[in-house]
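Quick one: sequence and predicted model below, then my questions.
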Amino acid sequence: MQESGTSDPGLSGYPVIRKNRESLKLPPNLGDYEQERASFSWDKARTLLDGLPDGRGLNIVHEAVDRHALGANAGKVAIRWLGKAGEQRDITYRELYEETNRFANALKALGVKPGERVFVLMGRLPELYVAMLGTLKAGCVASPLFSAFGPEPIAVRMQLGDGRVLVTTPKLYKRKVAAIREQVPGLAHVLLVGEGEAEGEGLERWDRAVGNASADFTIAPTDPEDMALLHFTSGTTGRPKGAIHVHEAVVAHHITGRYALDLHDEDIFWCTADPGWVTGTSYGIIAPLTNGVTSIVAEAEFDAETWFGILERERVSVWYTAPTAIRMIMRMGDDVARGRDLSALRFMASVGEPLNPEAVIWGEQAFGMPFHDNWWQTETGGIMIANFAALDIKPGSMGRPMPGIDAAILRRLENGGVETIDEPMVEGELALRKGWPSMMRGYLHEEERYRKCFIGDWYLTGDLAQRDADGYFWFVGRADDVIKSAGHLIGPFEVESALIEHPAV
């Protein structure tokens, strides 16, 4: 249990949760926040990664998979997959290395060239993780799609991204892709995972295309600025935006996993986010693998009893989830964890929408530790502001900036410029100074839209916030009308598309 104080409550008015270092199960990776902020550099963070052999550049999958598979972690479980029917499959780092090699070779055999886009549309199946990582290994661009999207949002994203390959299941293909196939003329190949029948041009069975491919593959030279990931995020008007991220982003994925999520070598980590969203990619796939930990992947959707069973049975030590799920669990009462052996659990974090202070405090009552809220966006690529393991928590606050991140509250001026608001607890627009590795490099085909995100050296987030005298940031609201549901950004375009598909409309 942490200690609660009474001073400097911040915007919420709730007592500060004081961290007792002696009660922490492991020494935090970020032990001295102020000292690390003063000495941190992104160049230093890069030294924690290996880079491709012989100075051939930087590739996300070499850092996430290959360097572990060819070293001491070869036999360690990288991903433990839990199927919704009770199945379990353990994939070691060596096995993940070989499977991603096979997928990269399969793409090459299909004639897919580096830089071309591979879309992935499926639930949390092992093949999703192999496809995402194998795509990056082949020098192609991976773009995950949320499997609950309807046909029209899928078509729009694949049109914008000029999808060359789609990895999906026969069921999803028939329900959501077959009818819109003509809208994506560049889609040449569809790899079908699992059982079921489907008809269409360029359909290939995963087992044949990938299963028969060679397990030997050498990653080609990769420039850190080569495009790696294409994540779509919704805007207030018009079509979704395709945020471009590069291989250099892995530097931020790795260090934020180490500092903001406090990942240690022996952790069992569970990120509940769907890989169709950026959290499920940056922290459901990349960050835990670069840090060499074991990730839990649960196929089933939210169910409180199932989730508690996973936390207990799998001995999860670090849990990263969404405020929506936390609030649903809160409804079960303070005794929700009673009778459960959750002694392995040592750090809980949340993201996706502001976590109300009551939920932070409830974490202490129910689990013996608070939830650590953090903040970032699809455009930032990684965690920017967080409540860290060693820092006191002000319930309701986003926390403090990551080392290497210069965050400020700005006021827009009539002349098109901005000025910094230095006074504490004054509302303005949250901004980040350019230069971190996972910053988006553009919106695909929308240079002007991208340019408008910046004024001078500042990236304007579109979020309204305040900063208190201790450097903690407090979320106020969005400066636009994007809808947030279950931690995901949904624009009016997606809502309209869903309504139009309903037979009553």
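Yep, it's here. Fair warning: this is a prediction, and the values are worked out from it, not measured in the lab.

Going by C-alpha atoms from here, please, whenever you check contacts or count neighbours.
Will do.

Run through the residues that contact the residue nearest to N387 when sequence neighbours are not counted.
Of all residues not flanking N387 in the chain, G399 sits nearest, at 4.4 Å (CA to CA, 6 or more residues apart in numbering). Applying CA atoms under 8 Å, 6 or more residues apart in numbering, we find G399 in contact with 373-374, 385-388, 393, 472-474.

same thing with D373?
Contacts of D373 by CA under 8 Å, 6+ apart are 349-351, 354-355, 386-387, 397-399.

helix or strand for it, which one?
Secondary structure from DSSP states H and E places D373 in strand 371-375.

Mind listing what's buried along that strand?
For strand 371-375, burial by neighbour count (16 or more other CA atoms under 10 Å) applies to 371-375.

can I get these in a markdown table with distance to C453 and pLDDT?
Below are those laid out as a markdown table (distance: CA to CA, whole Å; pLDDT from 0 to 100):
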| residue | distance to C453 | pLDDT |
| --- | --- | --- |
| F371 | 31 | 98 |
| H372 | 28 | 98 |
| D373 | 25 | 98 |
| N374 | 22 | 98 |
| W375 | 18 | 98 |
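
Between the residues you listed, which sits nearest S143?
Closest to S143 out of the buried residues of strand 371-375 is W375 (22.2 Å), distances taken as CA to CA.

where do the helices sit along the stretch 201-350 of the chain?
Secondary structure of the stretch 201-350 of the chain by DSSP state H, counting those that start in this stretch: the helices cover 206-209, 249-259, 278-281, 287-290, 304-313, 323-330.

Equivalent analysis for the stretch 51-200 of the chain, please.
Residue ranges of the helices in the stretch 51-200 of the chain, as given by DSSP H, counting those that start in this stretch, are 60-61, 67-69, 93-109, 126-137, 151-161, 170-172.

Single out the most deeply packed of the ones you listed.
helix 60-61 (a mean of 26; mean count of other CA atoms under 10 Å).

Please name every helix or strand in contact with that one.
helix 126-137 (3 or more CA pairs under 8 Å, 6 or more residues apart in numbering; DSSP states H and E).

Please dump the helices of the stretch 51-200 of the chain into a markdown table; it should also carry distance to R411 and mean pLDDT for every row.
Listed next are the helices of the stretch 51-200 of the chain as a markdown table, based on distance: least, CA to CA, whole Å; pLDDT from 0 to 100:
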| stretch | distance to R411 | mean pLDDT |
| --- | --- | --- |
| helix 60-61 | 37 | 99 |
| helix 67-69 | 45 | 99 |
| helix 93-109 | 47 | 99 |
| helix 126-137 | 39 | 99 |
| helix 151-161 | 33 | 97 |
| helix 170-172 | 46 | 98 |
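
Distance to T256 for the ones you listed - can I get that in a markdown table?
Compiled in a markdown table, those are given as follows (distance: least, CA to CA, whole Å):
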| stretch | distance to T256 |
| --- | --- |
| helix 60-61 | 15 |
| helix 67-69 | 19 |
| helix 93-109 | 21 |
| helix 126-137 | 19 |
| helix 151-161 | 28 |
| helix 170-172 | 34 |
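
which residues touch P170?
Contact analysis of P170 by CA under 8 Å, 6+ apart lists 192-198.

hmm, 10 Å instead?
122, 176-178, 190-199, 203, 205 (CA atoms under 10 Å, 6 or more residues apart in numbering).

just curious, which of the residues you listed is nearest to D162?
V190 (13.9 Å).

Let's see the distance spanning stretch 240-260 from one end to the other.
End-to-end span of stretch 240-260 (CA to CA, to the nearest Å): 29 Å.

just checking, what packs against the longest strand seen in the chain?
If you go by DSSP state E, the chain has its longest strand at strand 458-467. Judged by 3 or more CA pairs under 10 Å, 6 or more residues apart in numbering; DSSP states H and E, strand 458-467 is in contact with strand 407-412, strand 428-433, strand 473-478.

which one of those is the most hemmed in?
By mean count of other CA under 10 Å, those have strand 428-433 as the most buried, with a mean of 23.

Strand partners (parallel or antiparallel) of that strand?
strand 407-412 (antiparallel), strand 458-467 (antiparallel) (DSSP bridges).

can you tell me the average pLDDT over the first one?
Okay, so that is strand 407-412. The average pLDDT for strand 407-412 rounds to 97.

from memory P221 sits against H247, does it?
No - between P221 and H247 there is no contact under CA atoms under 10 Å: 11.7 Å.
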